[in-house]
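Novice: Sequence plus the predicted model coming up.
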Amino acid sequence: MASSVVRVDLDGKPINPLTICMIGAGGFIGSHLCEKILNETQHKILALDVYNDKIKHLLEPDSLPWAGRIQFHRINIKHDSRLEGLIKMSDLTINLAAICTPADYNTRPLDTIYSNFIDALPVVKYCSENGKRLIHFSTCEVYGKTIGSFLPKDSPLRQDPAYYVLKEDASPCIFGSIEKQRWSYACAKQLIERLVYAEGAENGLEFTIVRPFNWIGPRMDFIPGVDGPSEGVPRVLACFSNALLRREPLKLVDGGESQRTFVYIKDAIEAVLLMIENPSRANGHIFNVGNPNNEVTVRQLAEMMTAVYANVSGEPALEEPTVDVSSKEFYGEGYDDSDKRIPDMTIINRQLGWNPKTSLWDLLDSTLTYQHKTYAEAIKKVMSQPTTS
Ligand SMILES: NC(=O)c1ccc[n+]([C@@H]2O[C@H](COP(=O)([O-])OP(=O)(O)OC[C@H]3O[C@@H](n4cnc5c(N)ncnc54)[C@H](O)[C@@H]3O)[C@@H](O)[C@H]2O)c1
Ligand SMILES: O=C(O)[C@H]1O[C@H](OP(=O)(O)OP(=O)(O)OC[C@H]2O[C@@H](n3ccc(=O)[nH]c3=O)[C@H](O)[C@@H]2O)[C@H](O)[C@@H](O)[C@@H]1O
């Protein structure tokens, strides 16, 4: 619960209550950010989204302690004249709205580009024209592939961090060719970052850009056939959770050799709250937000999730817990992948003193406990129904 004690920022100054226009508040990150803000601060939220299932518990009933501090507006920002008014009413806008599942990047490239670039344009424009601060959500995918991935496989330089650690102010953005439509998302995100940056440089927009590195936790995406389309392909956490719940092998795309660093959503949200409440330290910056200590290959992730889920569910793992699939079979033509993603933490440490805390094992343990509690029964029901063909 938010206490009445005056909260102070990192420089010891009292934090005044803000009105925050949060676009995409009904998604995975938005739902955790709303929870954190309502529980720990006195800020008000204008929550904009086309869906609100993931924040329903925060909106109802009216007797909730924070009632009156969150207002849901069902708005599609592609075409809604209320957007500018809501931005004007707020001190700060946070834009989370996006198509951000890789299965869409090569199969729905137009929707992906519109969502991540065109639809974000009015938000940037209204913030700039009305002198409002903007926190814009980009992605670690803007880095694309590492420089090291172009070196010969046996080159010792591949072990040198200079060839793979991703730095906001130094690393280049390296994408594949145009027919590799995977990069439609990263390219759209890069261009909107450049636009936000240019609005800052030319028109004085106060902005912060966030580059999340694989934030994971409860409420991420959907479980196909339960709370999302049967044929839908969510991000890896939900794909692997779905397979574990159904007792099917986890699919490893192209051998599961790609590497990722995973950060617990609750750690990452702490960083966002620091950005919200420390504008003088966050404005004008681009921040990597990830956990460099939680690196695994996708194959290792699958093995760890299998072991954790066996503990959580009490059911032994399958004898053959994984199966290999090609990216063409799994994602279709035009897929490509980021090889390795280690965030450099210098800027966020220096500006906000933030560090992630939760190990991969611990975050998988709490997340898979949530998945089991939330979905195990529903999956059993779905699987016991006769299939229509
Ligand atoms: N989760 C991660 O690890 C991660 C990593 C990198 C970048 N990001 C970025 O962070 C942001 C949020 O990601 P998330 O994981 O919460 O995704 P999400 O899909 O769960 O949330 C996005 C929300 O935006 C809403 N939305 C999309 N288009 C909209 C529109 N036109 N009008 C209104 N609402 C709209 C969706 O309904 C959804 O609720 C995205 O910009 C994403 O690119 C997330
Ligand atoms: O989370 C992030 O930081 C960013 O990266 C994600 O991209 P990616 O990590 O490639 O997406 P995942 O679906 O989580 O896949 C991770 C890896 O697992 C693999 N994978 C995925 C699903 C599966 O069933 N099996 C499998 O091997 C993918 O090929 C990829 O190598 C998404 O693009 C965004 O949500 C976000 O911008």
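Specialist: Received it, and whenever you're ready, just let me know what you need. Ligands and ions are numbered 1, 2, ... in the order given.
Novice: Strands of the stretch 1-150 of the chain, start to end?
Specialist: In the stretch 1-150 of the chain, the strands defined using DSSP state E, counting those that start in this stretch lie at 19-23, 44-49, 70-74, 92-95, 133-137.
Novice: What about residue 61, how many residues nearby?
Specialist: 7 (other Cβ atoms under 10 Å). In this view, the C-beta of every residue, glycine as well, is placed from N, C-alpha and C.
Novice: try the one 3 residues further on
Specialist: Taking other Cβ under 10 Å as the neighbour definition, residue 64 ends up with a count of 14.
Novice: what's the nearest residue to it if we skip its chain neighbours?
Specialist: What sits nearest to residue 64 in space, not counting adjacent residues and going by Cβ to Cβ, 6 or more residues apart in numbering, is residue 58, at 7.2 Å.
Novice: give me the number of residues near that neighbour?
Specialist: Residue 58: 22 neighbours (other Cβ under 10 Å).
Novice: go on, residue 250?
Specialist: Using other Cβ under 10 Å: residue 250 sits among 24 other residues.
Novice: Give the full set of residues in contact with it.
Specialist: Applying Cβ atoms under 8 Å, 6 or more residues apart in numbering to residue 250 gives the contacts 239-240, 243-244, 302, 305-306, 321-323.
Novice: With mean neighbour count, distance to ligand 1 and mean pLDDT added, can I get the strands of the stretch 1-150 of the chain in JSON lines?
Specialist: Shown next, in JSON lines, are the strands of the stretch 1-150 of the chain (neighbours: other Cβ atoms under 10 Å; distance: least, Cβ to the nearest ligand atom, whole Å; pLDDT from 0 to 100):
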{"stretch": "strand 19-23", "mean neighbour count": "25", "distance to ligand 1": "6", "mean pLDDT": "99"}
{"stretch": "strand 44-49", "mean neighbour count": "24", "distance to ligand 1": "5", "mean pLDDT": "98"}
{"stretch": "strand 70-74", "mean neighbour count": "16", "distance to ligand 1": "9", "mean pLDDT": "98"}
{"stretch": "strand 92-95", "mean neighbour count": "25", "distance to ligand 1": "7", "mean pLDDT": "99"}
{"stretch": "strand 133-137", "mean neighbour count": "24", "distance to ligand 1": "4", "mean pLDDT": "99"}
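Novice: I'd like the distance between the nearest residue to residue 232 once chain neighbours are set aside and residue 298.
Specialist: In space, and not counting its chain neighbours, residue 232 is closest to residue 224: 5.0 Å by Cβ to Cβ, 6+ apart. Separation of residue 224 from residue 298 (Cβ to Cβ, to the nearest Å) stands at 19 Å.
Novice: quick one, which of the two is more surrounded?
Specialist: The residue with more neighbours, out of residue 224 and residue 298, is residue 298; 22 against 18, by other Cβ under 10 Å.
Novice: So what's the residue count around the closest residue to the more buried one other than its chain neighbours?
Specialist: Among residues not flanking residue 298 along the chain, residue 256 sits closest, at 3.9 Å (Cβ to Cβ, 6+ apart). Neighbour count of residue 256, defined by other Cβ under 10 Å: 21.
Novice: list the contacts for residue 256?
Specialist: Contacts of residue 256 by Cβ under 8 Å, 6+ apart are 297-299, 301-302, 322, 324.
Novice: Which residues are in contact with the nearest residue to residue 359 once chain neighbours are set aside?
Specialist: Closest residue in space to residue 359, ignoring its immediate chain neighbours: residue 294 at 6.9 Å, by Cβ to Cβ, 6+ apart. Applying Cβ under 8 Å, 6+ apart to residue 294 gives the contacts 261-263, 356, 359-360, 363.
Novice: Buried among the residues you listed? Need that as a selection in PyMOL.
Specialist: Here is the PyMOL command that picks out the buried ones among the contacts of residue 294, judged by 16 or more other Cβ atoms under 10 Å:
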select buried, resi 261+262+263+356+360+363
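Novice: Let's see which of the contacts of residue 294 end up in helices.
Specialist: 360, 363 (DSSP state H).
Novice: Kindly indicate which of the contacts of residue 294 lies nearest residue 346.
Specialist: Closest approach between these and residue 346, by Cβ to Cβ: residue 356, at 14.5 Å.
Novice: how much space between that closest one and ligand 1?
Specialist: Going from residue 356 to ligand 1 by Cβ to the nearest ligand atom, to the nearest Å gives 13 Å.
Novice: per-residue pLDDT, the most centrally placed residue in the chain?
Specialist: Within the chain, the residue whose C-alpha comes closest to the C-alpha centroid is residue 215; the distance, by Cα atoms, centre = their mean, is 5.3 Å. pLDDT for residue 215: 98.
Novice: For it, give me phi and psi.
Specialist: phi -80, psi 130 (degrees, to the nearest 10).
Novice: wait, it sits on residue 270?
Specialist: No: Residue 215 is beyond contact range of residue 270, at 11.6 Å (criterion: Cβ atoms under 8 Å).
Novice: quick one: is stretch 310-321 near ligand 2?
Specialist: No: Stretch 310-321 is not in contact with ligand 2 by Cβ under 6 Å from any ligand atom; minimum separation 12.8 Å.
Novice: again, but for stretch 228-237
Specialist: Yes: on the criterion Cβ under 6 Å from any ligand atom, stretch 228-237 is in touch with ligand 2 at 235-236.
Novice: Report the buried residues of that stretch.
Specialist: For stretch 228-237, by 16+ other Cβ under 10 Å, it's 232-237.
Novice: List of residues touching that stretch?
Specialist: Under Cβ under 8 Å, 6+ apart, the answer for stretch 228-237 is 101-103, 216, 220-224, 239, 242, 260, 298, 301, 330-331, 367.
Novice: That one: end-to-end distance?
Specialist: The first residue of stretch 228-237 is 14 Å away from its last residue (Cα to Cα, to the nearest Å).
Novice: How far off centre is it?
Specialist: 15 Å (Cα atoms, centre = their mean, to the nearest Å).
Novice: Equivalent analysis for stretch 47-62, please.
Specialist: On Cα atoms, centre = their mean, the centre of stretch 47-62 falls 19 Å from that of its chain.
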